[in-house]
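1. Pasting a predicted model and its sequence here:
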Amino acid sequence: MESANMQGVVAFVHVIEAGSFTAAGERLRVTKSAIGKSIAQLEQRLGVRLLNRTTRSLSPTSEGLSYYEACVRAVSEIEAAQSLLASRRQVPSGRLRVDLPTAFGRRCVAPVLFDISRRYPDLAMEISFNDRRVDLIEEGIDLAIRMGDLDDSLSLAARRLYAQRSAICAAPAYLDRRGRPRTVEELAGHDLIGYTRNGVAHPWLVRHADGHIGKFTPRAKLVLDNGEPMLDAALAGCGITFLPTWLTADSLKRGELEMVLYDRLIENIAVHAIWPVTRAMTPKVRVVVDALVEHFSAPAWDAA
């Protein structure tokens with residue numbers, strides 16, 4: 001492919017993702033008119049209209065959308081090949097923007113990043129912590145850790161890191177005072193500590209007497225939007241809760257918490273590393289992903 005043709009493809013991909021010629025030009029550090037010219041030449045070569053343009057909006061035609069999907073795959077393969085060659089002769093350097101879930105990121109991911117930062121003096125990291133789903137491309141994020149289902153997006157690549165395991169638990173003092181529930185149904189008679197995000201209560205996964213896994217939505221007396229204060233509440237004897245092992249492992253080992261109903265953990269959330277597919281997996285991204293894959297292959301909190 002000639003370089004001029006390739007420039008037109010790259011410009012087209014950035015226009016679709018950025019939503020305007022101006023924003024695409026800012027990304028590529030060229031003028032709005034240069035972007036417009038590249039797209040016009042691309043449409044002329046292909047003999048089809050790729051974009052619907054009005055004074056107020058811009059959107060892909062059906063042919064443009066199909067072409068965009070093909071371009072994303074092609075550009076990704078080219079950049080991946082270039083990155084592979086570069087990674088053989090480069091060490092991680094430059095600035096890496098990473099977004100992490102608040103509690104899980106601080107406890108389980110940040111220590112790995114801190115170690116990488118110490119090992120690579122030419123690598124600068126900018127790490128953000130929040131529980132909303134950031135738009136990696138729109139917000140210029142190089143790498144993010146995502147818990148739960150992934151969006152069905154052609155613009156993101158993902159690597160599965162870990163399957164979170166959780167259990168229903170409470171402080172022994174609370175259970176001594178209120179009794180130990182023997183069935184899922186008996187949970188309704190207890191003080192429950194629930195989790196909510198964006199106003200939506202998250203159900204617990206429970207194992208019924210016949211062995212099947214089902215959902216249980218607690219009528220919680222205490223509702224919190226972060227796992228760490230939920231742990232604090234359980235340790236304070238406020239009730240029964242459903243928490244992951246990365247939060248509860250130490251408290252369970254010390255006897256400060258006790259598993260309720262059963263002593264087997266339930267896998268309930270997948271954890272992935274995600275990054276924009278239209279950007280090559282540079283050495284700085286690769287070294288973090290590889291380190292996280294190794295770290296989560298046998299996390300200490302899930303040790304028997």
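-> Received the coordinates, thanks.

2. tell me how far stretch 276-296 is from the chain's mean position?
-> Put simply, stretch 276-296 sits 13 Å off its chain's centre (Cα atoms, centre = their mean, to the nearest Å).

3. buried set for that stretch?
-> By 16 or more other Cβ atoms under 10 Å, the buried positions in stretch 276-296 come out as 276-289, 291-292, 295-296. In this view, the C-beta of every residue, glycine as well, is placed from N, C-alpha and C.

4. what's the answer for stretch 196-216, then?
-> His202, Trp204, Leu205, Val206, Arg207, Phe216.

5. try stretch 19-35
-> Phe21, Ala23, Ala24, Gly25, Arg27, Leu28, Val30, Ala34, Ile35.

6. wait, is the second one part of a helix?
-> This means Ala23. Yes: Ala23 forms part of a helix when assessed by DSSP: H, G, I helix; E, B strand; the rest coil.

7. Find me the pLDDT at it, would you?
-> pLDDT, Ala23: 88.

8. Pull the contacting residues for Asp131.
-> Residues near Asp131 by Cβ atoms under 8 Å, 6 or more residues apart in numbering: Pro101, Thr102, Arg197, Asp225, Asn226.

9. what are the bridge partners for Ser128, then?
-> Asp99 (DSSP bridges).

10. ok, it to Asn52 distance?
-> Applying Cβ to Cβ, to the nearest Å, the value for Ser128 to Asn52 is 35 Å.

11. Excluding sequence neighbours, find me the nearest residue to Arg160.
-> Closest residue to Arg160 apart from its sequence neighbours, by Cβ to Cβ, 6 or more residues apart in numbering: His272 at 5.4 Å.

12. What residues are bridge-paired with that neighbour?
-> Legend: beta-bridge partners of His272 under DSSP bridges are Arg146, Arg160.

13. Pretty sure it sits against Leu161.
-> Yes: His272 is within contact range of Leu161, at 6.2 Å (criterion: Cβ atoms under 8 Å).

14. quick one: which of the contacts of Asp131 is most hemmed in?
-> The most neighbours of any of the contacts of Asp131, using other Cβ atoms under 10 Å, belong to Pro101, which has 22 neighbours.

15. From what I see, that residue and Ser128 are in contact.
-> No: the pair Pro101 and Ser128 does not pass the contact test of Cβ under 8 Å, sitting 10.5 Å apart.

16. list residues touching both of these two?
-> With Cβ under 8 Å, 6+ apart, Pro101 and Ser128 have no common neighbours.

17. More neighbours: His272 and Leu161, which one.
-> Taking neighbours as other Cβ under 10 Å, His272 and Leu161 compare with Leu161 leading, 22 against 18.

18. ok, the more buried one to Leu96 distance?
-> Leu161 is 17 Å from Leu96, by Cβ to Cβ.

19. ditto for Pro299
-> Distance, Pro299 to Leu96, by Cβ to Cβ: 23 Å.

20. And those two? Which one has more around it.
-> Shown here are Pro299 and Leu96; by other Cβ under 10 Å, Leu96 has more neighbours (23 against 16).

21. Fine, thanks again, bye for now.
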